[in-house]
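>>> Sequence plus the predicted model coming up.
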Amino acid sequence: MRRLLIGFAVCFLLTSNSPLVGQHRDERPPIRELLSLLQQHYATLEDFSATFEHSYSGGLLQASQPEFGIVSIKKPRRWRFDYETPERKIFVSDGRTVHSVFLEDRQVIISDAPTERGASTPALFLAGEGDLTTDFTADYALTINVPTPHWVVHLQPIRADADYEYLTLTIDPENLEIRQMATTDFQGGLSTYTFTKFKININLTDNFFTFDVPRNFEVFRDDVFTR
């Protein structure tokens, strides 16, 4: 079960049939134009952090209790999720190695990060891998009875080895920030992250994305980290 939980811990994003925000159809740019704008916007970001709320429902794990923490991203390929409540844990990658740290259990699982280029995992997508305009088929998601003014974009990866079936982004049209992201996995599970309190280009150090294992922690090795 611990390995299964790890598999879903860094999946994030919202499916097209469960959107939380709405969009004015007449005000939306053509989808290809929006993807190009998003790609240009995120190309200007070197790093960022945000607070998050994470929930999971459906699939193998059914529903989970909401979790809260801070996500930090630095290009290229560096990411870190610090879960603060209800369980303290860390998932961090320096681009080569992933440490999955369970602080209360004093355990850490060390995995190899995916080596292929492109957004094969949601974490790599946030870390600047891949290209929205070439790596996905895209359309606006269908929404009903939801508030405005956000846009919800439904993405399906073109590559066959992606570790999620669908990726959905909830976009703030004012600044093109991703307010919510979700993935639908191949078992039908939905993992959703809602982001707030963005801090952009804050000069995060490379050392922040490494983890020195304490001597009193159990260490396990796992296969390539895929989520």
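Alright, I've got the coordinates.

>>> mind checking which helix or strand Pro29 is in?
Pro29 belongs to no helix or strand when assigned by DSSP states H and E.

>>> and if you look at Glu129?
Counting by DSSP H and E, Glu129 is held by no secondary-structure element, helix or strand.

>>> Now for it, how many residues are close by?
Neighbour count of Glu129, defined by other CB atoms under 10 Å: 19. For the C-beta atoms, the positions are set from N, CA and C on the backbone; glycine is no exception.

>>> That one against Arg77, yeah?
Yes - contact criterion CB atoms under 8 Å: Glu129 and Arg77 qualify, at 6.6 Å.

>>> Now do the helices in the chain.
Taking DSSP state H, the helices of the chain run over residues 2-9, 31-43, 122-126, 132-135.

>>> Check the offset of the shortest one from the chain's centre.
It refers to helix 132-135. Between the mean C-alpha point of helix 132-135 and the mean C-alpha point of its chain there is a distance of 17 Å (CA atoms, centre = their mean, to the nearest Å).

>>> For it, list the C-alpha coordinates in PDB.
This file holds the C-alpha atoms of helix 132-135, laid out as PDB (Å, rounded to 0.1, in the frame of the first residue of the first chain):
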ATOM      1  CA  LEU A 132       2.000  22.100 -24.900                       C
ATOM      2  CA  THR A 133       1.700  22.900 -28.600                       C
ATOM      3  CA  THR A 134       3.300  19.700 -29.800                       C
ATOM      4  CA  ASP A 135       3.000  17.000 -27.100                       C
END
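
>>> which residues sit against that helix?
Contact partners of helix 132-135, identified using CB atoms under 8 Å, 6 or more residues apart in numbering, comprise Arg32, Leu35, Ser36, Leu38, Gln39, Gly118, Ala119, Ala138, Leu155, Pro157, Ile158, Arg159.

>>> Please tell me which one of the residues you listed counts the most neighbours.
Ranked by neighbours (other CB under 10 Å), the contacts of helix 132-135 are led by Ala119, which has 25 neighbours.

>>> What ranges does this structure have for its strands?
47-57, 67-74, 78-85, 89-93, 97-102, 107-112, 136-140, 151-157, 166-171, 178-184, 190-200, 218-221 (DSSP state E).

>>> List the strands paired with the fourth one, with their directions.
So that's strand 89-93. Here strand 89-93 has these sheet partners by DSSP bridges: strand 78-85 (antiparallel), strand 97-102 (antiparallel).

>>> wait, doesn't Ser100 sit right on Ile109?
Yes - with contact taken as CB under 8 Å, Ser100 and Ile109 are classed as touching, separated by 4.3 Å.
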